[in-house]
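1. generate a structure from the sequence data that follows.
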Amino acid sequence: MVRKLYKPYARPLARVVTGLPISWEPIFATANHIYYAQTAVWSPCSRFIAVGFVTSIEIRDGVTLERLHTLTHPRLELGQWLSFSPDSRSLTQFSHGHGLTTWDLQTGGRISVIPNTSSWYFSSAYSMNGKVVAAAGFSDLGNSTVTVISTYNLLSGTNIYSYISEGHIVAPIWTRGEFLRFTTVKPRSITIWEIGFTSKHTLAEVESLPSPDDTGSGECVFLPDSSWLAFILQGVVLVWDARDSKYLLNFACGDRPTGFSFSSDGRFFACGSIGQGIHLWKESPTGYVLHRKLTFRGDTTPLLSPDGESIIMSNNSDTQLWRTTDPISPLSSVSAQSTKKPDFVLAFSPDKSFIATGRLGENIATIVDLKSGDPRLIVDTGMKIWGLGVTANTAIVIGEGKIITWNLPAGDGALDARANIHDSVRTTVLNHPPPFPGLSASISPDLAYLAITRGIMGGLDIYDMSTGKHLVGATAHMYQPWFTRDGREVWDCSGGQKIIRGEGSDIIGLEPLYWSGTPSGGPPWESSHGHKVTDDDGWILDSRKKQVMWLPHHWRFDKPCRIWDEQFLVVFDRRLPELIIIELDE
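-> Residues are numbered from 1 along each chain as shown. Below is the predicted model of the structure:
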């Protein structure tokens, strides 16, 4: 009786057909940006994050990433450094070529503007009363680049003095009592210096500590309270304990390292690498031990909050926040390894009962039953996959100049069946296969035509699916092509080609199309039913703007990484270990 009464109201609005917990990451919050983010910084109290753009700065909450303030400036700021005051109540922007601008974060008004500075800044520190700020940066002097520390009175808007260092200053510079301190590093020596915030105090050496024989010439970060030095040497991230003359971490990144940071107490250390994501290390009696592996889209420096509780990565289009104190996920290492995997390829059956999935250039194709979410057939194709197709009865694989077809097992109970090239039922050879590697293919919605790109050399070819006959070709720099829903155009993210037909169904030519127009029926990342994904908070909305489902942070990607097909939404990216398939309630 209860079921009959309430079943219409209890029906879920969305169903995740496939997308296991292996696809999740412990991302606590995500902020998407309309413009490219250039820099980001934590406040000393770890409660706020400032993200700098070309013509604005956003102040965001350090827990939710909610936007609290937007500070605008009329100039184009292409090189900038941001710094909060010690009490986190004001923010100073250090800009190459445009000087210093300080805002009051409670009112949003400007406190001071100091023009005409020419350094590329990388660190800053405030005096105890917050009235004077010192900034370290690189400046051109003749034919060489020198490291300069300049101090400024924020109330009067004047430059107090500039000091040109003879050695290589490493981040950060910091305040000790009434004095400013900084560190220079050279082979076998780390030197800590002290100078006043005003010109009445002269430079003095505070302490000299041993360093390794070679610290490289790249990025270095010094942790003042512990006297630990982090640096990169030939693709290896090292952390050196200068007081005990020993290494705390020796980690080979593999691909190019992107940067690193300490928490203020040294309890956590984070380093990034393009090929291996973000590695978060935790202090132990024997040095640093791996705490977690995280994935992030793009090339950025991980920024630990001063209290070590959180870590952010800010890329061109978004900022993501993790909590460092969360327990280690046993599955986190799986998604971190997915960064080197190739792109996904996929295709729905016309009746939306199956989806064929695989990875471009690999040889395993999987046919998923969309009703149950289980694999119906897993095929070892024996060749590199260029594209896929599926019908109610067959699986179609395009690769290496051939179109190969397999029959799907009959019956709902025939799941997770395996097949290989010997089980195929038909092979169609392309009469003029493209000669270049790195190819990708797409099948028209009516399964009549095949579009194949020519890889790095550029080009597009259209074939007849039933015979493999080459119909027409054109010079077009396309990557992964897709047919529009009416089958009259072929597009990728860079542009398209209109299919020109002759008498009957013959194809006689291709005509270039550009994104100034609109693909017929819309691109695949636009829903034909009026659904959409909100970029700011990750909600799926129906045609009436009603919230249907909230996407987890790690499932949010740019529009070209989403495909809509009637009631289904597919989220995919090479960094994910699998496709995410969501069925929406009609």
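2. pull the helix or strand with minimum mean pLDDT from the chain.
-> helix 332-337 (a mean of 39; mean pLDDT, DSSP states H and E).
3. how far does stretch 559-579 sit from its chain's centre?
-> 16 Å (Cα atoms, centre = their mean, to the nearest Å).
4. list the buried residues for it?
-> Within stretch 559-579, the residues that qualify as buried are 561-565, 567-573, 575-576, 578-579, counting by 16 or more other Cβ atoms under 10 Å. In this view, the C-beta of every residue, glycine as well, is placed from N, C-alpha and C.
5. now stretch 204-215
-> So for stretch 204-215, counting by 16+ other Cβ under 10 Å, buried means 209, 211-212, 215.
6. in a markdown table: those residues, plus secondary structure, distance to residue 253 and pLDDT.
-> Below are the buried residues of stretch 204-215 laid out as a markdown table (DSSP: H, G, I helix; E, B strand; the rest coil; distance: Cβ to Cβ, whole Å; pLDDT from 0 to 100):
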| residue | secondary structure | distance to residue 253 | pLDDT |
| --- | --- | --- | --- |
| 209 | strand | 26 | 94 |
| 211 | coil | 21 | 91 |
| 212 | coil | 18 | 90 |
| 215 | coil | 16 | 83 |
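7. which one of the buried residues of stretch 559-579 sits closest to residue 552?
-> If you rank those by distance to residue 552 using Cβ to Cβ, residue 571 comes first, at 9.8 Å.
8. ok, what's across the strand from that closest one?
-> residue 562, residue 580 (DSSP bridges).
9. what's near enough to touch it?
-> 19, 551, 555, 557, 561-562, 579-580, 582 (Cβ atoms under 8 Å, 6 or more residues apart in numbering).
10. now do 6 Å
-> Residue 571 is in contact with 555, 562, 580, counting by Cβ atoms under 6 Å, 6 or more residues apart in numbering.
11. same question for residue 114.
-> Here residue 114 is in contact with 99-100, 152, 157 (Cβ under 6 Å, 6+ apart).
12. how many neighbouring residues does residue 166 have?
-> 8 (other Cβ atoms under 10 Å).
13. burial count for the residue nearest to residue 273 when sequence neighbours are not counted?
-> Using Cβ to Cβ, 6 or more residues apart in numbering and skipping residues adjacent in sequence, the residue nearest residue 273 is residue 253, 4.0 Å away. For residue 253, the neighbour count with other Cβ under 10 Å is 19.
14. name the helices or strands packed onto the strand or helix carrying residue 147?
-> Using DSSP states H and E, residue 147 maps to strand 144-153. Packing partners of strand 144-153 (3 or more Cβ pairs under 6 Å, 6 or more residues apart in numbering; DSSP states H and E): strand 132-141, strand 158-165.
15. tell me which strands the last one pairs with, and in which orientation.
-> Spelled out, that is strand 158-165. For strand 158-165, pairing defined by DSSP bridges yields strand 144-153 (antiparallel).
16. can you give the domain ranges for this protein?
-> The chain is divided into the following domains under automatic domain parsing: 28-113, 118-209, 221-328, 339-480+512-584.
17. wait, which of these is closest to residue 5?
-> Using Cβ to Cβ, the nearest of the domains of the chain to residue 5 is domain 339-480+512-584, at 23.0 Å.
18. what's the spacing between the spatially closest residue to residue 97 that is not a sequence neighbour and residue 162?
-> The shortest distance from residue 97 to any non-neighbouring residue, by Cβ to Cβ, 6+ apart, is to residue 118 (6.3 Å). Here residue 118 is placed at a distance of 10 Å from residue 162 (Cβ to Cβ, to the nearest Å).
19. hmm, which of the contacts of residue 571 is lowest in pLDDT?
-> In terms of pLDDT, residue 555 ranks lowest among the contacts of residue 571, with 83.
20. give the residue spans of the stretch 151-300 of the chain that score low on pLDDT.
-> 217, 254-255, 275, 296-299 (pLDDT under 70).
21. partners of the helix or strand harbouring residue 100 in the sheet?
-> Per DSSP H and E, residue 100 falls inside strand 99-104. Using DSSP bridges, strand 99-104 pairs in its sheet with strand 90-95 (antiparallel), strand 110-114 (antiparallel).
22. distance between the first one and the chain's centre?
-> Meaning strand 90-95. For strand 90-95, the distance to the chain centre is 26 Å (Cα atoms, centre = their mean).
23. begin at 99 from now on, thanks
-> Sounds good: first residue 99 from here, last item strand 188-193.
24. hey, C-alpha coordinates of stretch 624-634 in PDB?
-> Extracted in PDB, the C-alpha atoms of stretch 624-634 (Å, rounded to 0.1, in the frame of the first residue of the first chain):
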ATOM      1  CA  GLU A 624      24.800  20.100 -25.800                       C
ATOM      2  CA  SER A 625      21.700  18.200 -24.900                       C
ATOM      3  CA  SER A 626      18.900  18.000 -27.400                       C
ATOM      4  CA  HIS A 627      16.400  17.700 -24.500                       C
ATOM      5  CA  GLY A 628      17.400  21.000 -22.900                       C
ATOM      6  CA  HIS A 629      19.500  19.600 -20.100                       C
ATOM      7  CA  LYS A 630      22.700  21.400 -19.200                       C
ATOM      8  CA  VAL A 631      25.500  21.300 -16.600                       C
ATOM      9  CA  THR A 632      26.200  24.400 -14.600                       C
ATOM     10  CA  ASP A 633      29.900  25.200 -14.800                       C
ATOM     11  CA  ASP A 634      30.000  27.000 -11.400                       C
END
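25. residue 99: which of the domains of the chain is closest?
-> domain 437-578+610-682 (28.6 Å).
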